[in-house]
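Asks: A structural model of the following input is requested.
(2 chains)
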Amino acid sequence: MNSDKREIAVKVSNVKKMYKLGQIGGGTLQADLQSWWAKVRGKEDPNSIIGSEERSKGDTFMALNGVDLTIYKGEAVGIIGSNGAGKSTLLKLLSRVTAPTEGEIDLYGRITSMLEVGTGFNPEMTGRENVYLNGAILGMTKAEIDAKMEQIIEFSEVREFIDTPVKRYSSGMFVKLAFSVAAHLDSEIMIMDEVLAVGDMAFQKKCLDKMRDAAKKDGRTVLYVSHNMNTIRKLCDRCIVLNKGKVIFEGAVEQAIEVYMGTSVKLEVPVNLSNTKRASEFSNLPVTINLFDLINNKKGIYNVGDKMFAKLDYKSIVNVEDAYLRVIIKALDGTSVTMTTLSKGFPIQKDKTETIEFEIDISRIVPGKYNLNFVLYQVDELGNYVNLDGVKDVFTFEILSVFGFNNNMPWTKKYWGYFYCDDLILNEHY
Amino acid sequence: MAESSNSYHIHISSEHKWFDLKLKEVWRYRDLIWLFTKRSFTVSYKQTVLGPAWLFINPIITSFIYTFVFGNIAGMGTDGIPQILFYMTGNAIWSYFASCVTSNASTFTGNAGVFGKVYFPRLTTPISNVLNSIIRLGIQMIMVLILLVYYLIKDAVSPNWWAWLLLPLVLVHLGLMGLGVGIIISSMTTKYRDLSILVGFGISLWMYATPVVYPLSQLGEGNLKTLLMINPATAPIEVFRYAILGQGTINISYLVLSVVFTVFVMLFGIMVFNKTERTFMDTV
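Replies: Here you go, the predicted structure:
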C-alpha cells in the first residue's frame, strides 16, 4: 500500500472509554456524604443497591475498548457497527465533547463535528443571526462567516426567509439552513453522525455530493457514521467496522458491509429464545417463544426452490383461542424481503409448553443469506392485531444457487430485488 | 514526520493538564463570546410588552423597595446620602456581581444540550455572561448618573472624582470574582444539583453580609465590622461608592486581600472548570 506516504489526519491510539452504569453517585450531595460517612465508620453503604454486591465493583461499561485508527487526509471513511458498538462514543471523543478514559487522539487539522445539525440555533433569532451564531459555535470567525454568507444562503435554498425568525421555519428549511452552515466550514476534518437522514430527497443528494466533493476536490477528511449502507456506499472509500467497542475490520466498503452483516449472523439450531431480550413492542407479553428448531435440516442451508420445515416451542400464561404466526424474512442488511402468515388460527393452552410445526415457502427467494423473525399474534373482537410474542433475527439461513437458476446469470439484488419469477414467455403471435 | 507541517494539531489525551488554562483557544473564539452576549439580549425580552424597558423598571422598583424597607421601616442611615441614590447605586453594583455569579452557576447544566453536541471552549459561555452583566450594569448606571446630576445640582452629594478612574478596575475585579465563584459552583452542580438551589439563597445572604443596603459606618467598630471587611466583596463595593457618592472608605489592605481572593478563585475556578468540561457530559 502507498498509505505511509500520505499525510495523517486522525490518529487514534489505544483509546478506551468507560461509562459508569446506573445512577451516578446517588445524584445528590447528601447521598454522597452519606456513602462517605458510612465508609468512614466501616458500615455498609446505605445507597448501594441491594443484592448487587458482586456487581458493584464491576459497575462499569467499556463503550470503547482499545481502539486504534489511522485516517489519512482526503479520505472519506465510513464507520459502521450495530447499536452499542461504540460508534457514537468514538465520534464524541473525536469531536471533543467528552474525553477518553485511556489513550491518545491526535487530530491534524481543524475539526467540525456534526453530531446534530443546528446545534445552538435559537428559535427567536432570524436565519441570518443563527448562521452567525451557529458558524461561531462551529469555530468560524465573524469575518469567515461574512465571506461565506452568500454561499450558505444559496446552498440552503431558503433565501426568502433568511431574515425571518427560524421558529417560523418548517423543519425541512431549518435543517437545510443548518446543514449549509456546517457544510461551508473551512475545517480539514468533518465528522458526521447520520445527519443526512433529513431533508427531502433532492436536498439529501445535494448534501451527499457536497460531502463527496469536500473529500475528493478539496482534499478534506470526512468521517461518516450511518446505518444506511447505501449512503455509506455512495460517500465512503474506506470503512471501519466496530463491534463491542473494538475495530473488527478496516478496509474496502463492500467487504466491511459484509463483515458488519456477519456480526448479526446466527447459525446454530436449535435456538433457545426463552431469555432473548425482546424489542419494546414485544416485552411483557403473555406468550413466550422458547425454542426455534429446523426439521430435517441442521445447517439452515437450502437450494433455490427448497422449502423450509421448522418448529417453535412456546408457553403461555393465558388461554388463546386463535393464535397466528407471522414469519418475516429479512436480508442481512435489515431490508425486509417478505412475510408469510397463517390463514387460520390455532389454540394455545395456558401453562403448558406446546410446539407448532410449520412449513415456510422460501422457494422463490433468490440465493443469499437471510434472517428469520417470528411474531405470534391474535386478532381481538374489534379486529385489532394484538401481539402475543415476537423475536427478531432468530436464525440466519442461506439459499444456494442451483445450476440453471436465472439461466446461470448471477443475480444482482441491488437492481433486481429478492424474489424471482418464472422465465418470461414469448407469445409467438407474429 | 509529514503531519508536523500542519498548523492545527489537537492532541486529546486521557491525562488532564491542571495548569493549562486554554486561554489562547478562548481568544480564538472571541467572536462567539460576542455573539452569545448579543443573543442573550435579543432573546431575553422577546414577546414581552415592555421589552427592554424592563432593564430600567427592574432596578427602579428594587430601589424603591429598599428605600421603603431599609430606609423608612428599618430606619437605617445612609451617611447623609439621598436615600434613593444610595440604594440605587448599591443595587446596581450588587446586582452586577450577583448576576455574574448566578448566571454562571448553571453553565454546564443549562447548556448541556449544546455542549453535548459540539466542542468549543466552554469558558466562552461564562465570559459572555459577565459581558452581559456589564452591559446591564451600564444601563443601570445611566439612571444612577441622572439621579447623581440631579442631586449635584441640589448640592446634596460630593463625589470623589479622582476615584472614578478606579471604577473600571472595580468592575473587572468584581466581574472576575463573580465569574470565578460562578464557574466553581457550575462545575460542582454537574454532579450535585442541590447547589443550584442553594445559589439563589446564598447570594442574598452574601448581600446582607456586604454593605449594600447599609453603609459600613452603621456597624461602628468591632468584630462585626472586621468580619464584613474580610468579605472579599466589601472592599471593591466601598471603592465604588467612595467614587460615586463620596461616602465610604478605601482600605488598601482589605482591597489587597480581596484581589488575592479573586485571583485565587479565578485560577482555581478555571482549572476546575476545564477539568469538568472534559467529561461532564457523562455525568450531567
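Asks: gap between A:Y415 and A:S343?
Replies: Using C-beta to C-beta, to the nearest Å, A:Y415 is found at 33 Å from A:S343. Using the backbone N, CA and C atoms, a C-beta is placed for each residue, glycine as well.
Asks: cool, A:Y19 as well?
Replies: 49 Å.
Asks: quick one: which of these two has more around it?
Replies: In this view A:Y19 and A:S343 are compared by other C-beta atoms under 10 Å in any protein chain shown, and A:Y19 has more residues nearby, 16 against 5.
Asks: elements contacting the helix or strand harbouring the more buried one?
Replies: Using DSSP states H and E, A:Y19 sits within strand A:8-20. Judged by 3 or more C-beta pairs under 8 Å, 6 or more residues apart in numbering or on different chains; DSSP states H and E, strand A:8-20 is in contact with strand A:60-72, helix A:87-94, strand A:102-108, strand A:221-225.
Asks: check which residues of it are buried.
Replies: Neighbour-count burial for strand A:8-20 flags A:I8, A:A9, A:V10, A:K11, A:V12, A:V15, A:K16, A:K17, A:Y19 (criterion: 16 or more other C-beta atoms under 10 Å in any protein chain shown).
Asks: of those, closest to B:R278?
Replies: Nearest to B:R278 out of those is A:K17 (C-beta to C-beta; 11.8 Å).
Asks: what bridges to that closest one?
Replies: For A:K17, the beta-bridge partners are A:L64 (DSSP bridges).
Asks: check it and give its pLDDT.
Replies: As predicted, A:K17 sits at a pLDDT of 88.
Asks: just to check, it is in contact with A:M62?
Replies: Yes: A:K17 is within contact range of A:M62, at 7.2 Å (criterion: C-beta atoms under 8 Å).
Asks: what is in contact with those two at once?
Replies: A:G245 (C-beta atoms under 8 Å, 6 or more residues apart in numbering or on different chains).
Asks: mind naming the longest helix for chain B?
Replies: When chain B is parsed with DSSP state H, its longest helix is helix B:252-283.
Asks: using the three-state scheme, assign B:T102.
Replies: Taken by DSSP: H, G, I helix; E, B strand; the rest coil, the conformation at B:T102 corresponds to helix.
Asks: give me the pLDDT value at A:G58.
Replies: Taking A:G58 on its own, its pLDDT is 54.
Asks: meant to ask about A:A9, not that
Replies: The predicted local confidence for A:A9 is 88.
Asks: contacting residues around it?
Replies: Contacts of A:A9 by C-beta under 8 Å, 6+ apart are A:I71, A:Y72, A:K73, A:G74, A:E75, A:L107, A:Y108, A:G109, A:E188, A:I189, A:T221.
Asks: follow-up on the earlier one: tell me which two of the buried residues of strand A:8-20 sit farthest apart.
Replies: Pairwise across those, and taking C-beta to C-beta, the largest span is found between A:I8 and A:Y19, at 28.5 Å.
Asks: and B:P121, its phi and psi?
Replies: Main-chain dihedrals, B:P121, degrees, to the nearest 10: phi -60, psi 120.
Asks: surely it is in contact with B:K22?
Replies: Yes: assessed by C-beta under 8 Å, B:P121 is found in contact with B:K22 at 6.1 Å.
Asks: distance of A:E357 from A:Y370?
Replies: Remark: distance between A:E357 and A:Y370 (C-beta to C-beta) = 20 Å.
Asks: ok, the two, which is more surrounded?
Replies: With other C-beta under 10 Å as the criterion, A:E357 and A:Y370 differ in neighbour count, and A:Y370 comes out ahead with 23 against 10.
Asks: OK, contacts around that one?
Replies: Contacts of A:Y370 (C-beta under 8 Å, 6+ apart): A:I329, A:K330, A:A331, A:L332, A:V337, A:I362, A:T396, A:F397, A:E398, A:I399.
Asks: direction included, what does the host helix or strand of the first one pair against?
Replies: Going back to what we said before, that points to A:I329. Following DSSP H and E, the helix or strand that holds A:I329 is strand A:320-331. Strand pairing for strand A:320-331, using DSSP bridges, gives strand A:336-341 (antiparallel), strand A:346-348 (antiparallel), strand A:368-379 (antiparallel).
Asks: of the ones you listed, which stretch is the most buried?
Replies: Compared across the strands paired with strand A:320-331, strand A:368-379 shows the largest average neighbour count, a mean of 20 (mean count of other C-beta atoms under 10 Å in any protein chain shown).
Asks: list the buried residues in the helix or strand that it is followed by.
Replies: With elements assigned by DSSP H and E, the helix or strand that comes after strand A:368-379 is strand A:385-400. Within strand A:385-400, the residues scored as buried using 16+ other C-beta under 10 Å are A:N387, A:L388, A:D389, A:G390, A:V391, A:K392, A:V394, A:F395, A:T396, A:F397, A:I399.
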